[in-house]
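Q: what's the 3D shape of this:
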Amino acid sequence: MPLSPIPPEAFTKIAVGIDRPEDVVVSRDGRIFASDHQCAVAEIFADGSFKRLGPKGGAPNGINLDAQGRVLIANFGIYDREEGPLQRFDPATGKHETLVAEVGGRRLTSANYPVVDRAGNIWCANSTHAETWPQALDGRTDGFIFVLRPDGSCEIVAEGLKFPNGLALSADDGFLFCAQTSGADVLRFPILAGGRLGKGERYGPQLGALQVPGEPAPAHDTLGYTDGVGMDAEGNLWVCLPGADKVVAITPSLEVVTVIHDPTGQIVNHPTNVTWGGPDLRDLYIGSIRADYVLKTRSPTPGQPHIHQRD
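A: All right, here's what the predicted structure looks like:
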């Protein structure tokens, strides 16, 4: 079915007062978790309130859940010049641990987003080794994707990337999609046996303009810096464009459809991730790097279930 645009006024603000809710994830039993820089992870309740869980430390960025309901946390260290490891927090026990701090002899400084496939592989982007935020988006190709396999082995599986960011899997786990922020695009990698990746290629077109040093700034609603991505049940890849206050979708035929756009940025303010929950997977949640709240509405299409949402 065609994707119907969602007007900004259709959203409800929840978890008001949360600190930089980059990402949201919903468990099989309906628990809602969000990134929060004041703790390991925040839990959002049905009435819109939230509670901080676990210790403060670093800059929790993209989050996800494994099949056991533990929260995987990509810690984006570049914000405070700390380490940027892949971590895990268990809401049931309160255990908070580091899973990967370095891979292939390279220290993680900006783990960005994790996703888990059916085989139990955890795929995660490390965006950059830049020392400051302005340097991070200058087009450098120092980003990579790594995998943590169920046997404990860890390996860089794709490198030379322009700020790899959000990740998503195809319905059959045959492909890994990666937003390449300073490429203003999305790459698609075939997933190979043994938790490895084939060669990546651009999926769809460049999604907007990039700032070129020394040239006038593009109009804000044309900016194509890609952030989080999410796959719906109809094979549409939703892509967040925070600089444009916009979310688009790349359809299976590679058409680009604008699903959400708030020219004022007063409601949909720098959206960074999309996720789905609820019994029918049509409750849509939007995270942000600027807003102190999470957005919730109903989606025109259900989300594709993650490993932690499958029966």
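Q: measure the nearest residue to Pro150 once chain neighbours are set aside to Ser153 for me?
A: Nearest residue to Pro150, sequence neighbours excluded (Cβ to Cβ, 6 or more residues apart in numbering): Gly120, at 3.9 Å. From N, CA and C alone the C-beta is placed, and that goes for glycine too. Applying Cβ to Cβ, to the nearest Å, the value for Gly120 to Ser153 is 12 Å.
Q: higher neighbour count, those two?
A: Neighbours were counted for Gly120 and for Ser153 using other Cβ atoms under 10 Å; Gly120 has more, 14 against 10.
Q: who's in contact with the more buried one?
A: 66-67, 149-150 (Cβ atoms under 8 Å, 6 or more residues apart in numbering).
Q: now, which of these sits nearest Ala291?
A: Asp66 (27.3 Å; Cβ to Cβ).
Q: quick one: residues contacting that closest one.
A: 72, 88, 116, 120, 122, 307-308.
Q: filter the contacts of Gly120 to the buried ones?
A: Asp66 (16 or more other Cβ atoms under 10 Å).
Q: about what we covered before: which of the contacts of Asp66 are buried?
A: Using 16+ other Cβ under 10 Å, the buried ones in these are 72, 88, 116, 122, 307-308.
Q: let's have the residues you listed in a markdown table, adding secondary structure, pLDDT and distance to Pro252.
A: Below are these laid out as a markdown table (DSSP: H, G, I helix; E, B strand; the rest coil; pLDDT from 0 to 100; distance: Cβ to Cβ, whole Å):
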| residue | secondary structure | pLDDT | distance to Pro252 |
| --- | --- | --- | --- |
| Leu72 | strand | 98 | 28 |
| Arg88 | strand | 98 | 33 |
| Val116 | strand | 98 | 23 |
| Ile122 | strand | 98 | 26 |
| Ile307 | helix | 95 | 22 |
| His308 | helix | 95 | 24 |
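Q: can you redo those residues as CSV with distance to Val16?
A: Output for the buried ones among the contacts of Asp66, formatted as CSV (distance: Cβ to Cβ, whole Å):
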residue, distance to Val16
Leu72, 25
Arg88, 28
Val116, 30
Ile122, 31
Ile307, 30
His308, 26
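Q: can you give me the strands in the stretch 101-250 of the chain?
A: In the stretch 101-250 of the chain, the segments counted as strands under DSSP state E, counting those that start in this stretch are 102-103, 106-107, 111-116, 122-126, 143-148, 154-161, 164-169, 175-180, 185-192, 196-197, 201-202, 229-231, 237-241, 246-250.
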